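# Predicted model follows, preceded by the sequence.
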Amino acid sequence: MWSKTRCEVNVPLHRLSWILLLVFAVEARAMGSQAQQPSVVPPFGEKPSTVEKERIKMEREAAKRANQQRQSDLKRDTEKLFNLATELKNSVEKTNTGILSVEVVRKAEEIEKLAHSVKEKMKNSY
């Protein structure tokens, strides 16, 4: 009934690797472009309406304001972090070598929380 015929193609391994790499790269790029937000460009031949133009303009302005606010928050938090670290350094220099005060521990915890907050804000900005 069924014949056991094998078809062999001799392709050098490095060429096969390049072909597979190319196929995966094209597929990944195609999938990545599908995941992006839909374009706001109207179909060919149609001009965007005034309402659409205003919406796009407002979205861009809102994004710009949000970015400026995030930048301002990062600068403020970084300055506060620097001041707290300086205070902690001064407090540690004043304490005994055997005992750390509660104030020093609290400052260290506050620095840790603020540093984590700054890190998260930086992550979310990209």
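Perfect, thanks for sending it.
# all helices of this structure, in order?
Remark: helices assigned in the chain by DSSP state H are 13-35, 50-94, 102-124.
# Tabulate these (JSON lines), appending mean pLDDT.
Output for the helices of the chain, formatted as JSON lines (pLDDT from 0 to 100):
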{"stretch": "helix 13-35", "mean pLDDT": "57"}
{"stretch": "helix 50-94", "mean pLDDT": "89"}
{"stretch": "helix 102-124", "mean pLDDT": "86"}
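# I'd like these as CSV, with mean neighbour count appended.
All C-beta atoms are positioned from the backbone trio N, CA, C, and that covers glycine. Listed next are the helices of the chain as CSV, based on neighbours: other C-beta atoms under 10 Å:
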stretch, mean neighbour count
helix 13-35, 9
helix 50-94, 12
helix 102-124, 13
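# What separation is there between Glu61 and Arg55?
When distance is defined by C-beta to C-beta, to the nearest Å, Glu61 is 11 Å away from Arg55.
# now do Asn90
Distance, Asn90 to Arg55, by C-beta to C-beta: 53 Å.
# Kindly report the same for Val92.
54 Å.
# and if you look at Ser117?
Remark: distance between Ser117 and Arg55 (C-beta to C-beta) = 33 Å.
# Check Gln68 too.
21 Å.
# now Thr95
59 Å.
# same check, this time on Thr78
For Thr78 relative to Arg55 (C-beta to C-beta), the value is 35 Å.
# what does Glu110 give?
The value you get for Glu110 to Arg55, if C-beta to C-beta is used, is 42 Å.
# now do Lys94
58 Å.
# List the contacts of the nearest residue to Leu88 once chain neighbours are set aside.
Distances taken as C-beta to C-beta, 6 or more residues apart in numbering put Lys107 closest to Leu88, at 4.5 Å, once the chain neighbours are dropped. Going by C-beta atoms under 8 Å, 6 or more residues apart in numbering, Lys107 touches 84, 87-88, 91.
# with those in mind, which one is nearest to Lys123?
Leu84 (21.0 Å; C-beta to C-beta).
# I'm done for today, thanks for sticking with me.
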